[in-house]
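Undergrad: Sharing a model prediction with you, sequence too.
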Amino acid sequence: MRPLDEHRAAALALAHPLTPVEVGLDDAWGTVLADDVRTDGPLPRWDNSAMDGYAVRSADVATASADAPVVLRVVADLPAGSSSAPLLAAGTAARIMTGAPVPPGADAIVPVEVTDAGTTTVEIRAAAPVGAHVRRAGEDAVAGDLVVAAGTLLGAAHVSALASVSAATVRVHRRPRVAVVSTGDELVTPGSPLERGQIPDSNSWLLAAAVRDAGGTPVRIGPVGDDPAALRALLGDLDGTVDAIVTSGGVSVGAYDVVKAALRDDPGVEFVPVAVQPGKPQGLGRLPGGTPVFALPGNPVSSFASFEMFVRPALLRMRGLADVERPTVVAPAGEQWRTPPGRAQLMPVRWVRATGDAADPAARLDADAAAGPAARPAAGAVVVRATAGGSGSHLVTRLALAEGLAVIPADVDEVLVGDLLTVLKVTP
Ligand SMILES: Nc1nc2c(c(=O)[nH]1)N[C@H]1C(S)=C(S)[C@@H](COP(=O)(O)OP(=O)(O)OC[C@H]3O[C@@H](n4cnc5c(N)ncnc54)[C@H](O)[C@@H]3O)O[C@H]1N2
Ligand code: MOO
């Protein structure tokens, strides 16, 4: 069996960042920037007011107070967006709104609250030191500053920064288009009546959603039946028209394993058992047209875990991301379980708080000498618990309880209460 990390590396090696394309800002969120974006001028662009009030010459109002206000003549009204730039002479003020450029000659803003809000003359009831409530040009960025670096995954604040430097379009890596094909004569579309032996196709929905979650655009096809020639023809049609193909099912040693049969003679595709549970039977490679193909096992939990391990990192690399790993959390196991010898285990888990009481499996297991009191997670400690049913790869509804995937190394045969586990965080 091929070690898990080796197969992960082989899967990742199939992926390269996709050619950058120019997109409008509406489509930029969630993509990865291909080029550095810099400012072409200062931000803010002009000295501007941080308050609704009056632009004044600080020296004019140095003695102003509530008891001894200073009266100035109002010579201009400057709403945000105003392009007028009246020169403020001694003894005058301009009414100004937040964001409007500070007029030449003015060096301070007096908030409207400490005035009489006059429009022809204004009574200033407090002094304003030089620079008061003025937002200086270039305070945020100066010309040539890096605003968003190439390789950044664009979130809301990045898109906002790009808009602020007047970028109408940006060059980003294309999102991968990923065909999802589920296989099996037993599969019907959800909602259709089920004959004995039939089940709803859930994997094509699982994998299409997982593609979306990985930032790709799914092209959900399927389910398709167990006809190798028809499947080979379909894969041939998809080859070169999408950035990757993900199949589910038909990769094991059964008599009707359609994906294996369809791709058996493809020199670019290999079928290998991987030392992992679930997810042992795997197919991987490139079709003749160069399209990477990930042939995942059909058991739903196996499909899910295989996508996490082998497909998601590859899609993230196609999107131009350097870090293709899920965030991990290290947390103590809240219960004991055995793992398959010689294979890594991917256990769907959720986080729970240890109660510390007798009903808590963590506490019950404490009675076990093997666990020992030192291993007991304290009441309130966050521990990981296998989702009901453990790693049974057919437990499709219980998979929905999973918040993480604990990765147990191949050389571990048993998880004990309190063992520190590395868990991939698979939910937000
Ligand atoms: N003799 C052996 N049998 C099996 C072995 C083995 O080593 N020797 N490995 C087992 C393991 S582990 C797995 S995983 C599965 C993988 O089998 P396939 O990838 O060929 O998958 P199928 O046989 O097509 O399906 C397996 C299972 O999953 C259900 N399934 C398939 N597709 C979907 C779908 N789209 N939606 C919902 N459920 C699906 C299918 O009905 C089967 O129950 O092989 C074991 N057998
Ligand atoms: O390896 Mo299978 O993927 O255990 O269920």
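TA: Cool, the structure landed. Numbering: from 1, shown residues only. Ligands and ions are numbered 1, 2, ... in the order given.
Undergrad: Might you enumerate the residues of the stretch 151-300 of the chain proximal to ligand 1?
TA: The stretch 151-300 of the chain comes close to ligand 1 at residues 182, 184, 186-187, 199, 201-204, 223, 248-254, 257, 278, 280-281, 297-300, as judged by C-beta under 6 Å from any ligand atom. In this view, the C-beta of every residue, glycine as well, is placed from N, C-alpha and C.
Undergrad: What separation is there between A34 and ligand 1?
TA: Computed as C-beta to the nearest ligand atom, to the nearest Å, the A34 to ligand 1 distance reads 35 Å.
Undergrad: That residue contacts T169, correct?
TA: No: the pair A34 / T169 is not scored as a contact, 11.8 Å apart, by C-beta atoms under 8 Å.
Undergrad: Inside strands: which ones of the residues of the stretch 151-300 of the chain next to ligand 1?
TA: 182, 187, 199, 223, 248, 281 (DSSP state E).
Undergrad: min pLDDT across the residues you listed, which one?
TA: Checking pLDDT across those, the minimum falls on P223 at 93.
Undergrad: Quick check: the gap between that residue and S248.
TA: With distances taken as C-beta to C-beta, to the nearest Å, P223 is found 9 Å from S248.
Undergrad: of the two, who's got more company?
TA: Neighbour count, other C-beta atoms under 10 Å: between P223 and S248, S248 has more, with 32 against 21.
Undergrad: how close does F294 get to S252?
TA: 16 Å.
Undergrad: cool, S160 as well?
TA: 49 Å.
Undergrad: what about the helices in this protein?
TA: 4-12, 156-164, 203-213, 228-238, 258-263, 300-306, 312-318, 361-366 (DSSP state H).
Undergrad: Could you export the ones you listed as JSON lines, including mean neighbour count and distance to A100?
TA: Output for the helices of the chain, formatted as JSON lines (neighbours: other C-beta atoms under 10 Å; distance: least, C-beta to C-beta, whole Å):
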{"stretch": "helix 4-12", "mean neighbour count": "17", "distance to A100": "53"}
{"stretch": "helix 156-164", "mean neighbour count": "15", "distance to A100": "17"}
{"stretch": "helix 203-213", "mean neighbour count": "21", "distance to A100": "44"}
{"stretch": "helix 228-238", "mean neighbour count": "17", "distance to A100": "57"}
{"stretch": "helix 258-263", "mean neighbour count": "24", "distance to A100": "65"}
{"stretch": "helix 300-306", "mean neighbour count": "27", "distance to A100": "55"}
{"stretch": "helix 312-318", "mean neighbour count": "24", "distance to A100": "44"}
{"stretch": "helix 361-366", "mean neighbour count": "20", "distance to A100": "62"}
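Undergrad: Could you dump those helices into TSV with mean pLDDT and distance to ligand 2 added?
TA: As requested, the helices of the chain are exported to TSV (pLDDT from 0 to 100; distance: least, C-beta to the nearest ligand atom, whole Å):
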stretch	mean pLDDT	distance to ligand 2
helix 4-12	98	12
helix 156-164	97	38
helix 203-213	98	12
helix 228-238	97	20
helix 258-263	96	14
helix 300-306	96	3
helix 312-318	98	17
helix 361-366	46	24
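Undergrad: can you put those helices in a markdown table and add distance to V74?
TA: Formatted as a markdown table, the helices of the chain follow (distance: least, C-beta to C-beta, whole Å):
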| stretch | distance to V74 |
| --- | --- |
| helix 4-12 | 67 |
| helix 156-164 | 32 |
| helix 203-213 | 57 |
| helix 228-238 | 71 |
| helix 258-263 | 79 |
| helix 300-306 | 68 |
| helix 312-318 | 58 |
| helix 361-366 | 73 |
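Undergrad: the more surrounded of F294 and S252?
TA: F294 (23 against 17).
Undergrad: show me what contacts that one?
TA: Contacts for F294 (C-beta atoms under 8 Å, 6 or more residues apart in numbering) come out as 11, 244-247, 283-284, 306-307, 310-311, 314.
Undergrad: Tell me the one among those nearest to R353.
TA: R353 has its nearest neighbour among the contacts of F294 in F307, at 29.4 Å by C-beta to C-beta.
Undergrad: right, and that closest one touches A244 too?
TA: No: using C-beta under 8 Å, F307 makes no contact with A244, being 11.3 Å away.
Undergrad: wait, A333 sits on T422?
TA: No: with contact defined as C-beta under 8 Å, A333 does not count as touching T422 (11.1 Å).
Undergrad: any common contacting residues for the two?
TA: Contact with both A333 and T422 is made by residues A406, according to C-beta under 8 Å, 6+ apart.
Undergrad: how deep is the closest residue to ligand 2 within the stretch 1-150 of the chain tucked in, by neighbour count?
TA: In the stretch 1-150 of the chain, the residue that lies nearest ligand 2 is M1 (10.5 Å; C-beta to the nearest ligand atom). Applying other C-beta under 10 Å, we find 14 residues neighbouring M1.
Undergrad: Quickly note the distance from it to I408.
TA: In terms of C-beta to C-beta, M1 sits 16 Å off from I408.
Undergrad: which residue packs closest to the residue of the stretch 1-150 of the chain closest to ligand 2, ignoring adjacent ones?
TA: A275 (4.0 Å; C-beta to C-beta, 6 or more residues apart in numbering).
Undergrad: what do you get for R286?
TA: That would be G268: by C-beta to C-beta, 6+ apart, it lies 4.2 Å from R286.
Undergrad: just L154 next, same as before
TA: Nearest one to L154, counting by C-beta to C-beta, 6+ apart, is A28 at 5.2 Å.
Undergrad: residues in contact with that neighbour?
TA: A28 neighbours (C-beta under 8 Å, 6+ apart): 154, 158-159, 162, 170, 172.
Undergrad: The same query, at a cut-off of 7 Å, please.
TA: 154, 159, 162, 170, 172 (C-beta atoms under 7 Å, 6 or more residues apart in numbering).
Undergrad: One more: T120?
TA: So, once contact is read as C-beta under 7 Å, 6+ apart, T120 ends up touching V74.
Undergrad: how much space between it and A106?
TA: From T120 across to A106, the span is 18 Å (C-beta to C-beta).
Undergrad: got it, and T121?
TA: 16 Å.
Undergrad: Between these two, which is the more surrounded one?
TA: Set T121 next to A106 and count neighbours by other C-beta under 10 Å: A106 wins out with 27 against 12.
Undergrad: confidence score at the spatially closest residue to the more buried one that is not a sequence neighbour?
TA: Spatial nearest neighbour of A106, chain neighbours left out: A55 (3.7 Å); criterion: C-beta to C-beta, 6+ apart. Predicted confidence (pLDDT) for A55: 98.
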